[in-house]
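Enquirer: based on what follows, work out the 3D shape:
(2 chains)
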Amino acid sequence: MTVTATTRTRAGTITGILALILIAGAMALPAVASRSLIQDLFFILTMLTLAQLWNLLAGYGGMVSVGQQAFVGIGAYAMFAGVILWGIDPVLAIPLGGIAALALAIPTAFFAFRLQGAYFAIGTWVIAEVTRLLIAQWKALGGGTGTSLPREATSDIIGVETIRTIFEVREAAARDILAYWLALALAVLTIAAIYTLLRSRLGLALAAVRDNIEAAKSVGVDARRVRWAVFLVAAVMTGLTGALIYVQTARISPDAAFSVTDWTAYVIFIVVIGGIGRIEGPILGVLVFWGLQTALADYGAWYLLTLGLIAIAVMLFAPRGLWGLISDRTGLQLFPVQRRLTGTATKGGMHD
Amino acid sequence: MTEILSLSGVSKSFGALKVTDDVSFSVPKGQALGIIGPNGAGKSTLFNLITGNFAPDAGTITLMGRDVTRAPAMERVRMGVGRSFQIPQPFEGMTVYENLAVAASFGRGQPEAAGVEDCARILHDCELFHRANTPAGALSLLDRKRLELARAMATGPELLLLDEIAGGLTEGECQALIATIKGLHARGVTIIWIEHVLHALTAVVERLLVLDFGRVIGLGEPDQIMASKEVREIYLGIEI
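Expert: Below you'll find the model as predicted:
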């Protein structure tokens, strides 16, 4: 019998080549781009990373968390603790964000995994709020009002001096460029990791657990282990992203770092309007989100109202998001994950 | 080892309702056993106890000489227990091939690539090969039933549990399914088959077990069981 199963398609190969060109271009961009563009791109890239991770959890893992801000916040605060309490360079303190998020994710999963569906969502939110209230008691890091990274820590961040000489920019602009590069690296790493995961054996298990957990168990999938793995990976990456975001802003408060609006509601909006359960979805979604935010920046409450209305319209008329509409019309898949069986079957010997 | 599965004094209650009541029987390796009984007799519950989806309140379940009473479902799949669900439970968002790929890889604990040829052969045998790249959610009832069987087979079972796989099929479809199951049995796979379509069952099985109110009320050769007055009264509702 000559059969093969592959996820490779021509569109996938073209995407790969274009992605490499795009990444190279994005790396060189600070040479020509304005500081405000670099800041916008930093925002887009970090939101994209958070959205990809939420999509991994909810879209592929079936775990609709409303508490991802817990990991953004704990990651950011761990980085601040590293800088303020132990005098570590802010960039080198970013990994602390991942470690702290992992430490929080283990008990969170332990409790939240006892809950299903909407209860899971609310449970994760409650855990995030409790974490915010606890962190607000940490006087050394500013308590409830928050604090800033000290001048001496931000003035000699590793690599900033080199960027200043290369691009001949001021220190603050050089810091933005460094943060932008790190955000680019994190976004690329996250997308590549998720894509690799989905095409691996674990990706099959993840899809099976999402579609039907009882049937998944009956074919030998360890559903618990799959959910744990995905939840912990998403938490660590979210923690790293949180730490990076606050290296760039250099000012933190519990309300901002654990904001359910900024780090979960917007992220869900991005995934839902872009298209849940597809890698392409959050990429399209974050661009739409950024466009709306830029266009409606001066309208205050109307901005949130518009976001809400658009989200409702998309859910009603295009439940698989904008990318769902595009791929239904064109059959296009930039990140193909579906295995296609090709070849001819010869008689298998069952009826011999 | 002659017995692949053995139940001893197995009981299970849901609240006050005793769904499985002191059930004991064993199945020799390579045999095909049919299970019949009226609706609500506890047939599917018995399957869930054997697969490990439910834990019994009392009794022991031995699989291939090992006590698996407390072993999780996943472990029993790896030991060689495959099952189909009464109501087909495909992974709807995945293609037909992917449904089998996940079963072949995780049911046997092997890399994905190692199962490709086997999956293709099973798809061919279950007449699903032409649907390999179709999302399982788009299948007809017959194809869903075939997928249930194909996916259970992909786990590489030594003991295959079939739950009303012939129900709702036309006569022709049923005959095709019987041929497939007979072929499996001929290869040495032990089969336990719950079925209301009696002629399908008796075409394959060597022994029949009758369940009523969670109790075993008959176990023996099909002819002998079908001739028993008690069975005919309870199961078929016929006064003789």
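
Enquirer: can you show me the helices along the stretch 251-352 of chain A?
Expert: Shown for the stretch 251-352 of chain A, the helices assigned by DSSP state H, counting those that start in this stretch span residues A:254-257, A:260, A:266-274, A:280-295, A:301-317, A:321-330.

Enquirer: is A:Thr344 bridged to anything, and to what?
Expert: Here A:Thr344 sits in beta bridges with A:Thr2, as judged by DSSP bridges.

Enquirer: does it really touch B:Ala120, like I thought?
Expert: No: using Cβ atoms under 8 Å, A:Thr344 makes no contact with B:Ala120, being 9.1 Å away. (C-beta placed from N, C-alpha, C; glycine too.)

Enquirer: more neighbours: the two, which one.
Expert: B:Ala120 (26 against 10; other Cβ atoms under 10 Å in any protein chain shown).

Enquirer: kindly confirm my reading that that one forms part of a strand.
Expert: No: in this structure, B:Ala120 is helix, not part of a strand, as judged by DSSP: H, G, I helix; E, B strand; the rest coil.

Enquirer: is it true that it touches A:Gly343?
Expert: Yes: the pair B:Ala120 / A:Gly343 is scored as a contact, 7.1 Å apart, by Cβ under 8 Å.

Enquirer: could you chop chain B up by domain?
Expert: Structural domains assigned to chain B are B:3-80+B:157-236, B:92-154, following automatic domain parsing.

Enquirer: out of those, which comes closest to A:Thr13?
Expert: Evaluated with Cβ to Cβ, the domains of chain B place domain B:92-154 nearest to A:Thr13, the distance being 18.9 Å.

Enquirer: do that closest one and chain A meet at all?
Expert: Yes: Domain B:92-154 reaches chain A (Cβ under 8 Å from any Cβ of the partner chain) through B:92-95, B:97-98, B:101-103, B:105-109, B:111-113, B:116-117, B:119-125, B:129, B:132-133, B:151-152, B:154.

Enquirer: what residues sit buried inside whichever helix in chain B runs longest?
Expert: If you go by DSSP state H, chain B has its longest helix at helix B:171-186. Buried residues in helix B:171-186, counted by 16 or more other Cβ atoms under 10 Å in any protein chain shown: B:173-174, B:176-178, B:180-185.

Enquirer: turn the residues you listed into JSON lines, including pLDDT.
Expert: Listed next are the buried residues of helix B:171-186 as JSON lines, based on pLDDT from 0 to 100:
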{"residue": "B:Glu173", "pLDDT": "83"}
{"residue": "B:Cys174", "pLDDT": "87"}
{"residue": "B:Ala176", "pLDDT": "84"}
{"residue": "B:Leu177", "pLDDT": "85"}
{"residue": "B:Ile178", "pLDDT": "89"}
{"residue": "B:Thr180", "pLDDT": "85"}
{"residue": "B:Ile181", "pLDDT": "89"}
{"residue": "B:Lys182", "pLDDT": "89"}
{"residue": "B:Gly183", "pLDDT": "86"}
{"residue": "B:Leu184", "pLDDT": "86"}
{"residue": "B:His185", "pLDDT": "90"}
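
Enquirer: and those, which is closest to A:Ala229?
Expert: The closest of these, once distances to A:Ala229 are taken by Cβ to Cβ, is B:Leu184, at 34.2 Å.

Enquirer: hang on, that closest one packs against B:Gly156?
Expert: No: contact criterion Cβ under 8 Å: B:Leu184 and B:Gly156 do not qualify, at 11.7 Å.

Enquirer: contact partners of stretch B:169-183?
Expert: A:350-352, B:125-127, B:141-142, B:145-146, B:149, B:162, B:165-166, B:191, B:193, B:197, B:200, B:203-204 (Cβ atoms under 8 Å, 6 or more residues apart in numbering or on different chains).

Enquirer: now stretch A:107-123
Expert: So stretch A:107-123 is contacted by A:63-67, A:70, A:124, A:127, A:224, A:227-228, A:231-232, A:235 (Cβ under 8 Å, 6+ apart).

Enquirer: got it, and stretch B:99-118?
Expert: The contact list for stretch B:99-118 (Cβ under 8 Å, 6+ apart) reads A:1, A:3-5, A:200-201, A:204-205, A:207-208, A:216, A:219-222, A:339, A:341, B:77-78, B:82, B:90-91, B:94, B:119, B:122-123, B:136, B:147, B:150-152, B:154-157.

Enquirer: how does it look with 7 Å?
Expert: With Cβ atoms under 7 Å, 6 or more residues apart in numbering or on different chains as the contact definition, stretch B:99-118 has outside contacts at A:1, A:3-5, A:201, A:204-205, A:208, A:219-221, A:339, B:77-78, B:90-91, B:119, B:122-123, B:136, B:147, B:150-151, B:154-156.

Enquirer: check stretch A:207-216 too.
Expert: Under Cβ under 7 Å, 6+ apart, the answer for stretch A:207-216 is A:60-62, A:221, A:223, A:226-227, B:53, B:85, B:89, B:91-94, B:102.

Enquirer: run the last query once more with 8 Å
Expert: Taking Cβ under 8 Å, 6+ apart as the rule, stretch A:207-216 contacts A:60-62, A:198, A:205, A:219, A:221, A:223, A:226-227, B:53, B:85, B:89-94, B:98, B:102.

Enquirer: please list the members of those residues that lie in helices.
Expert: Using DSSP H, these in helices are A:198, A:205, A:223, A:226-227, B:98, B:102.

Enquirer: of those, closest to A:Gly98?
Expert: The closest of the ones in helices among the contacts of stretch A:207-216, once distances to A:Gly98 are taken by Cβ to Cβ, is A:Arg227, at 19.6 Å.

Enquirer: I figured the closest one hits A:Gly61, correct?
Expert: Yes: checked against Cβ under 8 Å, the pair A:Arg227 and A:Gly61 is within contact range at 6.4 Å.

Enquirer: so A:Arg8, which of the three states?
Expert: coil.

Enquirer: so where is chain A shaky, pLDDT-wise?
Expert: For chain A, applying pLDDT under 70 flags the ranges A:1, A:345-352.

Enquirer: now the strands: where do they sit in it?
Expert: Per DSSP state E, chain A carries strands over the ranges A:2-6, A:147-148, A:251-252, A:340-344.

Enquirer: could you give the angle of the last one to strand A:2-6?
Expert: The one in question is strand A:340-344. 170 degrees (axes from the mean of the first three to the mean of the last three Cα atoms, to 10 degrees).

Enquirer: what are the buried residues along strand A:340-344?
Expert: A:340-341.

Enquirer: which strand or helix spans the one residue sitting closest to the centre of chain B?
Expert: Closest to where the C-alpha atoms of chain B average out (Cα atoms, centre = their mean) is B:Leu161, at 1.7 Å. Using DSSP states H and E, B:Leu161 sits in strand B:159-163.

Enquirer: strand partners of that strand, parallel vs antiparallel please.
Expert: As assigned by DSSP bridges, strand B:159-163 forms pairs with strand B:81-83 (parallel), strand B:190-194 (parallel).
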